[in-house]
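Asks: give me a 3D structure for the following:
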Amino acid sequence: MIIDLHVHHTLGPEPRTDFAAMRRLKGLAKQVGINRVCLLGNVFRFGIRANDSQIRLINDSTLELVRADGDFLSGFCFLNPALGSGFLRGEIRRCAREGLCGIKLEIDVNARDRRLEDERGMYPAMQVAGVEVDEVVSLAASVPQLPIIALCPYLAEARQLARRTRNVCVDLAHIEAPDTVKTALSEIPADRLMFGSHTPFLCTNAEVMKLQSANVAARDLRRVAEGNARRVLSKHRLDVR
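Replies: Below you'll find the model as predicted:
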């Protein structure tokens, strides 16, 4: 069984909830052995700098999709922490009440992130640095009772997060090596590493191959593929059958 913690059902303009895109994504996921998906929202639905009402619409679509296929889908509430605290608190309460199982934080200031494009082809003034490890460590220390999933860290960043925090897990999406899972587990405890494909930014099949080619103990592979997600998300009332 594989639980994919890092999926966007579609990206870009979406006049209404794109159920067709979700059906296509589910078909692909099933073909490669993914049994459950956690949706993080169409974060580029309104371009960059989505306002309060646009954030609500993004989360409304996630809620519609999860309600339509709750046996396969779970969802996170998408938030831009640069927005006002009053809106953020209200939207968190609304999403929690409606059944979303976590919060997807993204400082949504510019889509030309060096993690998404080759910086050699980007105008220097348009480059956006990733979130610094120190900032994640500080956040984790401020809420030690909450599990945090750091998405898309590079191996060096994941190593630091594993060493400097107790409540941060990392996903595999941007960790690359000839034997990715084995390499990652040499640096990161087996109970802190999770599978995330970053679909559709990255190729779902290629990400699943990291699990299929892993030369590690079966117990550790199960933790990465599904066990850690099951453990962490169950704290947020998620049924991960």
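Asks: which phi and psi does H6 have?
Replies: phi -140, psi 80 (degrees, to the nearest 10).
Asks: that one and P153, how far apart?
Replies: 12 Å (CB to CB, to the nearest Å). (C-beta placed from N, C-alpha, C; glycine too.)
Asks: what is in contact with those two at once?
Replies: D171 (CB atoms under 8 Å, 6 or more residues apart in numbering).
Asks: quick one: the helices in this protein?
Replies: 19-31, 52-68, 85-98, 133-142, 155-164, 180-185, 204-212, 218-222, 228-234 (DSSP state H).
Asks: who's in contact with the residue nearest to V32 when sequence neighbours are not counted?
Replies: Nearest residue to V32 in three dimensions, chain neighbours excluded: V208, at 4.5 Å (CB to CB, 6 or more residues apart in numbering). V208 makes contact with I2, V32, G33, I34, S197 under the criterion CB under 8 Å, 6+ apart.
Asks: contacts only, for the last one.
Replies: When contacts are counted by CB under 8 Å, 6+ apart, S197 touches D4, H6, V7, I34, A173, T204, E207, V208.
Asks: and the furthest pair within these?
Replies: I34 and A173 (13.5 Å; CB to CB).
Asks: so between those two, which is more surrounded?
Replies: Neighbour totals were compared for I34 and A173, and I34 leads with 26 against 23 (other CB atoms under 10 Å).
Asks: next one: that one from L193, what distance?
Replies: 17 Å.
Asks: so where is this protein shaky, pLDDT-wise?
Replies: For the chain, the stretches flagged by pLDDT under 70 are 107-129, 235-241.
Asks: how about CSV for the contacts of S197, with distance to L79 added?
Replies: Below are those laid out as CSV (distance: CB to CB, whole Å):
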residue, distance to L79
D4, 21
H6, 16
V7, 17
I34, 25
A173, 20
T204, 25
E207, 25
V208, 28
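Asks: for burial, what's the neighbour tally of the residue nearest to H6 when sequence neighbours are not counted?
Replies: Leaving aside its chain neighbours, H6 sits nearest to G196 (2.9 Å; criterion: CB to CB, 6+ apart). Neighbour count for G196, taken as other CB under 10 Å: 24.
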